[in-house]
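Undergrad: Quick one: sequence plus predicted model below, questions after.
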Amino acid sequence: MFEPILRNLLSAGILPYRLAGETVEVLLVHPGGPFWAKKDLGAWSIPKGELEEGEQARECALRELEEELGSRLGLGPGDLTELGSVRQKGGKLVHCWAAAADFDPAKLNSNTFSMEWPPRSGREREFPEVDRAEWFGLKEARRKINAAQVELLDRLLAAAYTRRDG
C-alpha cells in the first residue's frame, strides 16, 4: 500500500561535467511544461527521475539521462563517480553520480508527458519532460539549480580535487 508513495520519493540522476579551460562546467536541465515555463533561478536540476520497481539507482540514473537528454552520452555504470544523496524540500531523496561528458544542448531530445492543459479544459496536451539543457559554470549553476542540489556541486568539486591530489 505504501510502496508507490515511497518510490515517488526516490530519484536518481547524473551530473555531467566538463572542463572548459580552467573552469568546471555542469550540464543542467530545465523542466518542461506550463508550470515551469517562466521559472528560472532555482528551477534547473541534474537530469534525474524516479526509480522504477526493482530498479537499482545507478541504472535509473543512466535511464533518466537518456530519457531526458535523448542520449546516454556514451556512459556506462563504470564511468560514474558517486556523489551521495540529497533530500529536496518536498522530501524526495535524490541519489547522484557525476560523469565527465560532453553534450550539445541543441541535440536535446527529451521524452514527453501528457497533462490536461489548461486546467479543467478537458484537453490533454503533450509537453517535453525537459525543455532546455545548458552548460553552466559553477557560480551560475549555484543560482540556477534546485537549492537542495547545490550540495552536489560542492561534492563534485571535492571529488575532482580528491582524484587530482590522490
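TA: That came through fine.
Undergrad: Check which element follows the lowest-mean-pLDDT helix or strand in the chain along the chain.
TA: In the chain, no helix or strand scores lower on mean pLDDT, DSSP states H and E than helix 3-8, which sits at a mean of 53. Downstream of helix 3-8, the first helix or strand assigned by DSSP states H and E is strand 10-20.
Undergrad: pLDDT (mean, whole number) over that next one?
TA: Strand 10-20 shows a mean pLDDT of 95.
Undergrad: Which strands border it, and is each parallel or antiparallel?
TA: strand 23-31 (antiparallel), strand 48-50 (antiparallel), strand 93-100 (parallel) (DSSP bridges).
Undergrad: Show me where this structure dips below the pLDDT cut-off.
TA: 1-8, 161-166 (pLDDT under 70).
Undergrad: try it again with 50
TA: Residues of the chain that meet the criterion pLDDT under 50 lie in 1-5, 165-166.
Undergrad: Going along the chain, name the helices of it.
TA: 3-8, 57-69, 138-144, 150-165 (DSSP state H).
Undergrad: and the angle for the second one with strand 93-100?
TA: Just to be clear, that refers to helix 57-69. Interaxial angle of helix 57-69 relative to strand 93-100 (axes from the mean of the first three to the mean of the last three C-alpha atoms, to 10 degrees): 70 degrees.
Undergrad: could you say what helices and strands helix 57-69 packs with?
TA: strand 10-20, strand 48-50, strand 93-100, strand 130-137 (3 or more C-beta pairs under 8 Å, 6 or more residues apart in numbering; DSSP states H and E). Using the backbone N, CA and C atoms, a C-beta is placed for each residue, glycine as well.
Undergrad: Can you pull out the residues in contact with that helix?
TA: 10-14, 16, 29, 47-52, 55, 71-73, 75-77, 80, 95-97, 103, 108-111, 129-130, 133 (C-beta atoms under 8 Å, 6 or more residues apart in numbering).
Undergrad: Fine by me, thanks again.
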